[in-house]
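> Got a predicted structure here, sequence first:
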Amino acid sequence: MRRWPGPLLFGIVVAAATGYAAIAYIPYGLMKVVIERLGQGGVNTMSYGNLANPDRQPVVRPSPDLAYSSCPYDLSAGPVAIDVTPVPGRYSSLSIFDAKTDVIFVRNDVEAGGKPFRIIVARDGQAVPAGAETVRTSHDRGIALIRLLLKDPAEIGALEALRRQSRCTAVTKLK
Amino acid sequence: MKSWHRYAIMLVGGLAVGLGAAWALTGGGMRDGGVENGPWSTSLGYGTKATDALTRAAVARGGLLALPAKETIYWSAKTDAAGAKLDGDCRYSLSGTSLDARWWSVTIYDEAGYLVANPANIWSVNGANVALDAKGAWRVTISPEKPKQGAWLPGTKGQPFHLTLRMYNPGEAFRADPARAALPHIVKEGC
């Protein structure tokens, strides 16, 4: 047995390092999967999802009361602009998640005064339009998510045009 | 056995143990770590940059894209008030008073956190659609069969379930002491 202490210690170090690395990687890995699933409408484009049901659950624990619109973004070619138009009388919020799942921005309809607003998401150092409200991030990839609370699931059709006023576009002009 | 054989065995074993431990430690979903209140639990660290790597990984597995506590508090329950696992074969009374939030909902999921098909297409109850009695209390029945009266949240026979309580824009008093706030009661009535 005296030949085992070295290998045993080595095994413990390998286990600890593997566990540590795996835990650090899990958020990135899962985010990548979600970006792919939600990104079928295109990257840097807002997709207006239908209500979650047993056949449509792109993300774990979806709320069946919320209409989710999502924009998987990629800043490698430049910043992205997110335009949000709140729906009167209903909770809505924009949240932006970076590649490791951290929230880098949240604003709800009340905080926005019920008025439309535009957020530029940009990497550190990227040029952005002068005067634009900008959120800086250290990751290229991420998701901008708009939650809109419906009073009744049947509302979703009538709110479609309003939902589509919230958009996601690559920033091409800096003026 | 040669020395490198022993190292090779420990390398493989160490990788397996490390991966297994990482998966097990992050499998608590929204449940582990944080604030407990009866059968409900949450973490006020969700969706913030300060969250540690383990919580971040657990949230990513159990509630990806969750909002921070100021925006939404997500409570998760896997048991009833008596501590027994929530069972789709049984009938439960879910009841409470108006919650200190701009809006709230209780959603029923399977153990993995997904919605399960039911004939009524109902997966949640919320503050806007529950009826309050004269004392300001509401009550919902969770059961596989539709109750004779009152609001219904369908359970699925033969399947355990989890509940998620979402509180959107919780009040400041609530956020100051969520462990002692009045949350909905989950009481088993029969199986």
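Yep, it's here. Numbers count the residues shown, from 1 in each chain, chains lettered A, B, ... in the order given.
> What helix or strand is the residue most central in space within chain A located in?
By Cα atoms, centre = their mean, the mean C-alpha position of chain A lies nearest to A:I143, the distance being 2.2 Å. Using DSSP states H and E, A:I143 maps to strand A:141-149.
> same deal with A:Y20?
Counting by DSSP H and E, A:Y20 is part of helix A:5-38.
> Tell me who's in contact with the residue nearest to B:T72 when sequence neighbours are not counted.
Spatial nearest neighbour of B:T72, excluding adjacent residues (Cβ to Cβ, 6 or more residues apart in numbering or on different chains): B:Y168 at 5.3 Å. Glycine gets a C-beta too; all of them are placed from N, C-alpha and C. If a contact means Cβ atoms under 8 Å, 6 or more residues apart in numbering or on different chains, then B:Y168 has A:Y91, A:L149, B:E71, B:T72, B:A101, B:R102, B:W103, B:W104 as its contacts.
> Quick check: B:Y168 vs B:A69, distance?
11 Å (Cβ to Cβ, to the nearest Å).
> Quick check: A:I82 touching A:I119?
Yes - between A:I82 and A:I119 there is a contact at 4.8 Å, judged by Cβ atoms under 8 Å.
> Which is the succeeding secondary structure element to the biggest helix by length in chain B?
Counting residues, the longest helix found in chain B (DSSP state H) is helix B:3-25. Sequence order places strand B:35-37 as the next helix or strand after helix B:3-25, per DSSP H and E.
> Distance check, the closest residue to B:R175 other than its chain neighbours against B:A128.
Nearest non-adjacent residue to B:R175, counting by Cβ to Cβ, 6+ apart: B:A69, 6.6 Å away. Using Cβ to Cβ, B:A69 is found at 22 Å from B:A128.
> Who has more neighbours out of the two?
Neighbours were counted for B:A69 and for B:A128 using other Cβ atoms under 10 Å in any protein chain shown; B:A69 has more, 21 against 13.
> before we move on, what SS does the more buried one have?
Following DSSP: H, G, I helix; E, B strand; the rest coil, we place B:A69 in the coil state.
> Wait, it touches B:E172, no?
No - B:A69 is not in contact with B:E172 according to Cβ under 8 Å; the separation is 11.5 Å.
> Can you name the residues that contact the residue nearest to A:E160 when sequence neighbours are not counted?
Spatial nearest neighbour of A:E160, excluding adjacent residues (Cβ to Cβ, 6+ apart): A:Y48 at 7.1 Å. By Cβ under 8 Å, 6+ apart, A:Y48 lies in contact with A:A67, A:S69, A:E160, A:R163, A:R164.
> just A:R164 next, same as before
A:Y48.
> what does the model give it for pLDDT?
Here, the pLDDT recorded for A:R164 equals 94.
> picking up where we left off before, for A:I146, see how far away the residue nearest to B:T72 is.
Per Cβ to Cβ, B:Y168 is found 14 Å from A:I146.
> Likewise for A:R107?
Taken as Cβ to Cβ, the span from A:R107 to A:I146 is 10 Å.
> Over to B:V116?
26 Å.
> Helix or strand with the lowest mean pLDDT in chain B?
helix B:53-63 (a mean of 80; mean pLDDT, DSSP states H and E).
> buried stuff in it?
B:L54, B:T55, B:R56, B:A57, B:A58, B:V59, B:A60, B:R61, B:G62, B:G63 (16 or more other Cβ atoms under 10 Å in any protein chain shown).
> Could you find the closest non-adjacent residue to the third one?
By that I understand B:R56. B:R56's closest residue in space is A:P27 (Cβ to Cβ, 6+ apart), at 5.2 Å.
> That neighbour: neighbour count?
25.
> now swap in B:P39 and tell me
21.
> neighbour count winner among B:V116 and A:I146?
The neighbour count for B:V116 versus A:I146, taken as other Cβ under 10 Å, is higher for A:I146 (24 against 15).
> packing partners for the helix or strand where B:I108 lies?
Secondary structure assignment for B:I108, by DSSP H and E: strand B:101-109. Other helices and strands packing on strand B:101-109, by 3 or more Cβ pairs under 8 Å, 6 or more residues apart in numbering or on different chains; DSSP states H and E, are strand B:124-126, strand B:151-154, strand B:162-170.
> how about the helices in chain A?
A:5-38, A:160-163.
> Quick check: bridge partners of the residue nearest to the centre of chain A?
On the basis of DSSP bridges, A:I143 is bridged to A:P72, A:F97.
> give the contact list for it.
The contact partners of A:I143, by Cβ under 8 Å, 6+ apart, come to A:M31, A:V34, A:I35, A:L38, A:S70, A:C71, A:P72, A:Y73, A:I96, A:F97, B:L65.
> show me where pLDDT drops low in chain B?
Chain B contains residues with pLDDT under 70 at B:28-33, B:45-51.
> coming back round to it: give the partner strands of the strand holding B:I108 in its sheet and their orientations.
Note on strand B:101-109: by DSSP bridges, its sheet partners are strand B:124-126 (antiparallel), strand B:162-170 (antiparallel).
> what's the most buried one of those?
For the strands paired with strand B:101-109, the largest average neighbour count (mean count of other Cβ atoms under 10 Å in any protein chain shown) is found in strand B:162-170, namely a mean of 23.
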